[in-house]
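Trainee: Fold the following.
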Amino acid sequence: MSQYRIAVIVGSLRKDSFNRKLAHALEKLGPADFSFEELDIGGLPLYNQDNDANQAESVKHFKGRIKDAQGVIFVTAEYNRSIPGVLKNAIDNASRPYGQSAFAGKPAGILGISIGAIGTSLAQQHLRNVAAYLDMPTLNQPEVFLQAKEGFFDAAGDIGNVDTRKFLQGWMDAYVAWVKKNN
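Mentor: Sure thing, here's the model as predicted:
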């Protein structure tokens, strides 16, 4: 049984999302004492402060899975040079009501992949600002801005390029150390 459970939040609902594929490939790079659970954000209601006193069951479940985790990895798409609305909605649901954020103190890792040349760099920067407000100690280096090109993922869904796989292994190793330091 793993000692560290990591909540993985993919900032895309698309079935064939590059970011979901990246999240699954990344999980394979984790050590044996880490497990990863992708949390569904598509079924969460639109955040409405009027519902803070009586949150939907899907929100309570989502918050509970984050609270039970020893860390959170965000693997996000970039929409219009920022984080996708569905990801912001998930964050707003899990961080409310004020003072009852499920994210507080959870070590965060942020990365993403896009067809664009700068990957998801701007979305990641916006997400880092949000994570800072949520009191999430966030791994700053190495940064991961990936461009999805032909052959990025192999037939098994793994990272197709050896050098990129090594780079991502380095990121995973740094994140693992970050989680252990902050737990």
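Trainee: Lys106 - nearest residue in space that isn't next to it in sequence?
Mentor: Val72 (4.9 Å; CB to CB, 6 or more residues apart in numbering). Where you see a C-beta, it was placed from the backbone N, CA and C, and this is true even at glycine.
Trainee: Neighbouring strands of the strand or helix carrying that neighbour in the sheet, and parallel or not?
Mentor: According to DSSP states H and E, Val72 maps onto strand 71-75. According to DSSP bridges, strand 71-75 has the following sheet partners: strand 4-10 (parallel), strand 108-114 (parallel).
Trainee: Low-confidence ranges, the chain, go.
Mentor: Within the chain, the segments meeting pLDDT under 70 span 1.
Trainee: now the residue nearest to the spatial centre of it: how far from Gly151?
Mentor: A centroid search over the chain (CA atoms, centre = their mean) returns Phe74, at 1.2 Å, as the residue closest to the centre. Counting by CB to CB, to the nearest Å, the gap from Phe74 to Gly151 is 25 Å.
Trainee: follow-up on the earlier one: which residues does the residue nearest to the centre of the chain contact?
Mentor: Going by CB atoms under 8 Å, 6 or more residues apart in numbering, Phe74 touches Ile9, Gly11, Leu87, Ala108, Gly109, Ile110, Leu111, Gly112, Leu127, Ala131.
Trainee: 6 Å instead, please
Mentor: With contact set as CB atoms under 6 Å, 6 or more residues apart in numbering, Phe74 has these partners: Ile9, Ile110, Leu127.
Trainee: Neighbours of the last one, how many?
Mentor: Okay, so that is Leu127. Leu127 has 26 neighbours, counted by other CB atoms under 10 Å.
Trainee: residues contacting Phe145?
Mentor: Gly119, Ser121.
Trainee: any chance you could map the helices in this structure?
Mentor: 18-27, 57-68, 85-94, 121-133, 162-181 (DSSP state H).
Trainee: Of the ones you listed, which is nearest Asp40?
Mentor: helix 57-68 (7.7 Å; CB to CB).
Trainee: that older thread, export the strand holding Val72 as PDB, just CAs?
Mentor: Provided in PDB are the C-alpha atoms of strand 71-75 (Å, rounded to 0.1, in the frame of the first residue of the first chain):
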ATOM      1  CA  GLY A  71      -0.400  16.400  -2.400                       C
ATOM      2  CA  VAL A  72      -2.000  17.600  -5.600                       C
ATOM      3  CA  ILE A  73      -0.800  17.600  -9.200                       C
ATOM      4  CA  PHE A  74      -2.500  19.900 -11.600                       C
ATOM      5  CA  VAL A  75      -2.100  19.000 -15.300                       C
END
